[in-house]
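Asks: got a predicted model here, sequence first, then my questions.
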Amino acid sequence: MVEHNIQIENVFLRIFDNAAEIDVSPADVHFVCRRKLNTLKVLHTHPYYEFFVCVKRPTVIGFGSFSQEIRPDDIIIVPPGVEHVLISENDCADPPSLHVAISRKQGGSKDLFSEIYSFMAQNSPILISDRPAEADRLSRLIHESKKDENDYLAVSAAELIISLTRLPSRILSESVGCSGRVIKEKALDMETSSALENLVASKFMTDITSSEAAAMMHLSVRQFDRIMKKHYGQSFRQTVTLRRLMVAVELFKTTDLSIEDISNEVGFSSRAGFSKAFELQYGMTPSKYRRIYCGKKRSAKK
């Protein structure tokens, strides 16, 4: 998974080329792992905003109780927690979409976060119609987001998102249903999302427990677990582990540290625990992954 980050004024954006693969039960339609089920065919949610763009032929997106056709030059924004499924004549492996997490940060002379929040804080998909210039820009961003070397992508994506919030748009539904069940709980508000992002980002390499994290958020453990599931699609421990592994991969690419040193650096208590978690996530040992994808041979031992 390729990730690009940028802060503009008091807004921090994380842009992904696709959703994180999270190991959950296939029966859980609120987040479906690509390894187990085709996410294009099952109602599911993401913990991020998903920006769909129609490039060539009309595409249909289902939202449980209704479906919406998007035509060329249309853009649909699906907020976190809203169930959806891509219904299209093209069974493409990579749907035409971009995943974006938005949170508030300190700094900046303008409260840009509040401006974006007033547009994005919806519990229903947002349709922006007949915008050829913006649709073309989004399409190019989706294509470029798969390449590590494009540092300008975060800036371009941020500029596009800000411009989209200032365009005429339509909220598609006030309540999105799934299999006859109406979703009453609103999508996680951006203020809570921001606090959660900051907590995970600042504490993921420590031995913090779920109950300690809940206390920091001034929530009960039950409330905290529910919010974690809604925002990340997984538990706090799973989120922490995934974040550690992502940092480890970056260290594989940018340093000559041994695998044992890297496992300690990102917060694992043992090399064995790191290797087990890494293999479960990436399907191979850390040394093999490093050798194949990072060109590092120094720590080739398993």
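Replies: Alright, I've got the coordinates. Numbers count the residues shown, from 1 in each chain.

Asks: ranges for the strands of the stretch 151-300 of the chain?
Replies: Under the criterion DSSP state E, counting those that start in this stretch, strands of the stretch 151-300 of the chain are mapped to 170-171, 177-178, 181-182.

Asks: those strands: lowest mean pLDDT?
Replies: Note on the strands of the stretch 151-300 of the chain: lowest mean pLDDT is at strand 181-182, with a mean of 32.

Asks: and the pLDDT for the most centrally placed residue in the chain?
Replies: Nearest to the mean C-alpha position of the chain, by C-alpha atoms, centre = their mean, lies Tyr48 at 4.2 Å. Reported pLDDT at Tyr48 in the predicted model: 79.

Asks: now do the same contact list for it.
Replies: Residues near Tyr48 by C-beta atoms under 8 Å, 6 or more residues apart in numbering: 14, 16, 19, 80, 99-101. To be clear about C-beta, it is placed using only N, CA and C from the backbone, and glycine gets the same treatment.

Asks: average pLDDT across stretch 12-29?
Replies: Taken as a whole, stretch 12-29 has a mean pLDDT of 52.

Asks: from here on, count from 56
Replies: Okay, using 56 as the starting number, the last item reads as stretch 67-84.

Asks: contact partners of stretch 319-337?
Replies: Outside stretch 319-337, the residues within contact range by C-beta under 8 Å, 6+ apart are 76, 78, 259-262, 295-297, 299-300, 302-303, 306, 312, 314-315, 317-318, 340-341, 344, 357.

Asks: in ChimeraX, select just the buried ones from those.
Replies: To isolate the buried members of the contacts of stretch 319-337 in ChimeraX, using 16 or more other C-beta atoms under 10 Å:
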select :259,260,295,296,297,299,300,302,303,306,312,314,315,317,318,340,341,344
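
Asks: out of the contacts of stretch 319-337, list just those in helices.
Replies: The helices, defined by DSSP state H, take in 295-297, 299-300, 302-303, 306, 314-315, 317-318, 341, 344 from the contacts of stretch 319-337.

Asks: would you turn the residues you listed into CSV with distance to Ile181 and pLDDT?
Replies: Listed next are these as CSV, based on distance: C-beta to C-beta, whole Å; pLDDT from 0 to 100:
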residue, distance to Ile181, pLDDT
Val295, 31, 91
Thr296, 32, 91
Leu297, 28, 86
Arg299, 34, 90
Leu300, 32, 89
Val302, 33, 87
Ala303, 36, 89
Leu306, 38, 87
Ile314, 44, 93
Glu315, 47, 93
Ile317, 41, 93
Ser318, 42, 94
Pro341, 41, 93
Tyr344, 38, 87
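
Asks: how about a markdown table for those residues, with distance to Glu124 added?
Replies: Output for the ones in helices among the contacts of stretch 319-337, formatted as a markdown table (distance: C-beta to C-beta, whole Å):
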| residue | distance to Glu124 |
| --- | --- |
| Val295 | 40 |
| Thr296 | 39 |
| Leu297 | 35 |
| Arg299 | 41 |
| Leu300 | 38 |
| Val302 | 41 |
| Ala303 | 42 |
| Leu306 | 45 |
| Ile314 | 49 |
| Glu315 | 53 |
| Ile317 | 48 |
| Ser318 | 49 |
| Pro341 | 45 |
| Tyr344 | 41 |
